[in-house]
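J.: the sequence isn't on hand, but the structure is:
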């Protein structure tokens, strides 16, 4: 398999974009990525786009649509979907398409326009990520699913309500410097605990928001990196992608995501590095409990100690977690998040550190993609 | 790039499956493909599934769900979507994943459950394949879009209403022997002309139906074909995938699909064969006019002569078109059709002939995937 690097990144501001459609958001992110890579649109040979649900916009066929509005016809363009991990699976297909020798320069993008429908309908659309027959049909929402996980984690390991709140506090503080973040203000543990309960034990400020946004990256083969004389390629060292049962009742445990554990094992093995080698990790904190699960399942601490890990303002000797604000503060346009995480890791590694990791989760852990990046 | 073959195929009957959900349809097709390949589920390393729209079932995340119900967790599983070409793009990703050297045995499937919602809502969901801002917003349906194409083809080339009808007559006759077909009865030109007008000049019997169904194939690397001692591998010789503007008003011509022309050129070139070498072609007759366009754009006759080509009971010296019944008579569960076409070509080539071709179209031609198969 051929080596592949990320050579350009771009994203829209994340937030409520009442005056832009999903195709215009995707276009804006794509142009920024092309400019960042210092290439031209005509250099792109194929396009992959992550997008979760046509239920938000009634628009499917987003692959062809993105190529259309970007003036990139007739290049092949494919939408990939794995719920909130749609961005990462699109990125994986883009990587495989170059690793196979089929293409040299490919764009991977992610986009979601979530505010075009009423909030209740948005929650229904999001439930398409779970098992509609077993979970949706009995009225479970995604906050409900993660609330069950949080309550069990508190029961098994003594994780406290304050530790959950600390995840949101840390991520809001980290987002202060992120010009693309939806929420750029600090919050306190008291703010989280005093915010309305959505699904006990999770409060409003434990939850990532409904967001519009898009992100895009340019991938290139080693040959193309040399030919284009790219100065700061960030190499893809390993990608792990794993699935687990959709319905929580079919899992052996509520307090770990086997999909994360297996995907991480594969990614670390491909990259031939260990958790302690990672400088930056962008993990999937769709709800506060999920950042704690991620920290444990990715091997940054032992199972059950994730709550303690996030205390002390998130400062530790091992790895900087969600140092750009996470899904909680940056916002979570579901199909775009996996690509946004990659944009942030690439920008961080260009400045400092050696290895970065992204963890993008679909549903309540039925899909997980872990990707490891490095400078060499 | 490594060589890849199809070693197993399976599908459900196509029709109205009131007692089965989309996941049970996908499971049934997958088991048949596994049995046909004489492998076991645990041999499968990755899964790709084509599915057009969560609007039909409110269920997204079909990749993980298919792996879940099949007991294939934790293998990576990805849903791919390109409207009615979702099956073919899923197949293309499965091919790339083996060609890259990442996997040796992969399943590609397609599934759609279209009867879970009211017919009008199904038409709205299908319009997600077009440009919702420019076309859906003014009330255009897919029959309307193809009616515009049909009228223009009649105007430019003198194609007759009877020639359009002949497409449906041929496909219904071809489906008589297809045990999986939704409609297994003959119709006449008069039947078509006397059926209700849906969108002038297209009548009810020019249109493929609303259908539930699933199909699956097993792909294998050359190493795996040898190791498993597969007796009748059908090799993938070329895949072309191209896009065009979604909205008809952005095309240079209404009477050709540039996506088909470009995808076919690439597939023929990769396979190093010509249109006249093809023994069987499964083409995308979602509406009768589209089979005529396909025959022309794939190079089986000159532009404008497709109407004449389908006369004479579809018998010609060049290629057998839709010899199992086409979308019109087999049915068109949109995400499954591209894989069903491949199942049929593989079964045909196992019996006779040397080369087969599938053409799977998304929307009104914004996506086209052309794949060429052969025995060596």
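T.: Thanks, I have it. Computed from a predicted structure; not experimentally measured. Numbers count the residues shown, from 1 in each chain, chains lettered A, B, ... in the order given.
J.: near chain B, which residues of the stretch 201-350 of chain A are found?
T.: A:241, A:242, A:243, A:244, A:245, A:246, A:247, A:250, A:258, A:259, A:262 (Cβ under 8 Å from any Cβ of the partner chain). For glycine as for every other residue, the C-beta is placed from the backbone atoms N, C-alpha and C.
J.: pairing partners for the one helix or strand residue A:235 maps to, with directions?
T.: According to DSSP states H and E, residue A:235 maps onto strand A:234-243. The strands beside strand A:234-243 in its sheet (DSSP bridges) come out as strand A:4-11 (antiparallel), strand A:367-374 (antiparallel).
J.: can you redo those as a markdown table with mean pLDDT and mean neighbour count?
T.: Shown next, in a markdown table, are the strands paired with strand A:234-243 (pLDDT from 0 to 100; neighbours: other Cβ atoms under 10 Å in any protein chain shown):
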| stretch | mean pLDDT | mean neighbour count |
| --- | --- | --- |
| strand A:4-11 | 98 | 25 |
| strand A:367-374 | 98 | 29 |
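J.: tabulate those strands in a markdown table, adding columns for distance to residue A:83.
T.: Rendered in a markdown table, the data for the strands paired with strand A:234-243 read as follows (distance: least, Cβ to Cβ, whole Å):
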| stretch | distance to residue A:83 |
| --- | --- |
| strand A:4-11 | 20 |
| strand A:367-374 | 6 |
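J.: which one of the ones you listed lies closest to residue B:303?
T.: Minimum separation from residue B:303 across the strands paired with strand A:234-243 (Cβ to Cβ) falls at strand A:4-11, 39.9 Å.
J.: residue contacts, residue A:367?
T.: A:82-83, A:85, A:89, A:241-244, A:259, A:361, B:61, B:63-64, B:77 (Cβ atoms under 8 Å, 6 or more residues apart in numbering or on different chains).
J.: so which of those are in helices?
T.: Within the contacts of residue A:367, residues falling in helices by DSSP state H are A:89, A:259, B:63, B:64.
J.: give the burial count for the last one, as a bare number.
T.: Read that as residue B:64. Residue B:64 sits with 34 neighbouring residues when counted by other Cβ atoms under 10 Å in any protein chain shown.
J.: can you check the third one too?
T.: By other Cβ under 10 Å, the residues close to residue B:63 number 33.
J.: got it, and the one 5 residues further on?
T.: Using other Cβ under 10 Å, residue B:68 has 22 other residues around it.
J.: how much space between it and residue B:74?
T.: Distance of residue B:68 to residue B:74, given as Cβ to Cβ, to the nearest Å: 10 Å.
J.: give me the phi and psi for the residue of the stretch 251-376 of chain A found nearest chain B.
T.: Chain B sits closest to residue A:366 of the stretch 251-376 of chain A, with a gap of 4.0 Å, by Cβ to the nearest Cβ. Note on residue A:366: its backbone torsions stand at phi -70, psi -30 [degrees, to the nearest 10].
J.: so it sits against residue A:246, correct?
T.: Yes - Residue A:366 is in contact with residue A:246 according to Cβ atoms under 8 Å; the separation is 4.4 Å.
J.: ok, now which ones touch the residue in the stretch 201-350 of chain A positioned nearest to chain B?
T.: With Cβ to the nearest Cβ, the shortest gap between the stretch 201-350 of chain A and chain B falls at residue A:241, namely 3.7 Å. Applying Cβ under 8 Å, 6+ apart to residue A:241 gives the contacts A:88, A:89, A:92, A:263, A:266, A:367, A:368, A:369, A:370, B:76, B:78.
J.: ok, now residue A:49?
T.: By Cβ under 8 Å, 6+ apart, the contact set of residue A:49 is A:26, A:62-63, A:66, A:77-80, A:90, A:108-111, A:335.
J.: how about the residues you listed in JSON lines, adding distance to residue A:131 and pLDDT?
T.: JSON lines is the format used below for these (distance: Cβ to Cβ, whole Å; pLDDT from 0 to 100):
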{"residue": "A:26", "distance to residue A:131": "29", "pLDDT": "97"}
{"residue": "A:62", "distance to residue A:131": "24", "pLDDT": "97"}
{"residue": "A:63", "distance to residue A:131": "26", "pLDDT": "97"}
{"residue": "A:66", "distance to residue A:131": "29", "pLDDT": "97"}
{"residue": "A:77", "distance to residue A:131": "30", "pLDDT": "98"}
{"residue": "A:78", "distance to residue A:131": "25", "pLDDT": "98"}
{"residue": "A:79", "distance to residue A:131": "22", "pLDDT": "98"}
{"residue": "A:80", "distance to residue A:131": "20", "pLDDT": "98"}
{"residue": "A:90", "distance to residue A:131": "23", "pLDDT": "98"}
{"residue": "A:108", "distance to residue A:131": "28", "pLDDT": "98"}
{"residue": "A:109", "distance to residue A:131": "28", "pLDDT": "98"}
{"residue": "A:110", "distance to residue A:131": "24", "pLDDT": "98"}
{"residue": "A:111", "distance to residue A:131": "25", "pLDDT": "98"}
{"residue": "A:335", "distance to residue A:131": "20", "pLDDT": "98"}
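J.: just to revisit the earlier point, compare the residues of the stretch 201-350 of chain A next to chain B and tell me which is most surrounded.
T.: That'd be residue A:243 among these, by other Cβ under 10 Å, with 33 neighbours.
J.: for the closest residue to residue A:90 other than its chain neighbours, which residues count as its bridge partners?
T.: Once flanking residues are discounted, residue A:90 sits nearest to residue A:50: 3.7 Å by Cβ to Cβ, 6 or more residues apart in numbering or on different chains. In this structure, residue A:50 bridges to residue A:80, residue A:110 when assessed by DSSP bridges.
J.: hmm, residue A:50 is touching residue A:339, no?
T.: Yes - contact criterion Cβ under 8 Å: residue A:50 and residue A:339 qualify, at 6.4 Å.
J.: list the contacts of stretch A:306-318.
T.: With Cβ under 8 Å, 6+ apart, stretch A:306-318 has contacts from A:153, A:157-160, A:163-164, A:166-167, A:170, A:173-174, A:275-276, A:278, A:291-296, A:300-301, A:320-322.
J.: the closest residue to residue A:61 other than its chain neighbours: neighbour count?
T.: Leaving aside its chain neighbours, residue A:61 sits nearest to residue B:83 (4.2 Å; criterion: Cβ to Cβ, 6+ apart). For residue B:83, the neighbour count with other Cβ under 10 Å is 31.
J.: residue B:83 reaches residue B:51, doesn't it?
T.: No - counting by Cβ under 8 Å, residue B:51 is not a contact partner of residue B:83; they are 10.7 Å apart.
J.: and the next helix or strand past the worst-scoring helix or strand of chain A on mean pLDDT?
T.: None of the helices or strands of chain A scores lower by mean pLDDT, DSSP states H and E than helix A:119-126, at a mean of 88. Tracing the chain past helix A:119-126, the next element assigned as helix or strand by DSSP H and E is helix A:142-157.
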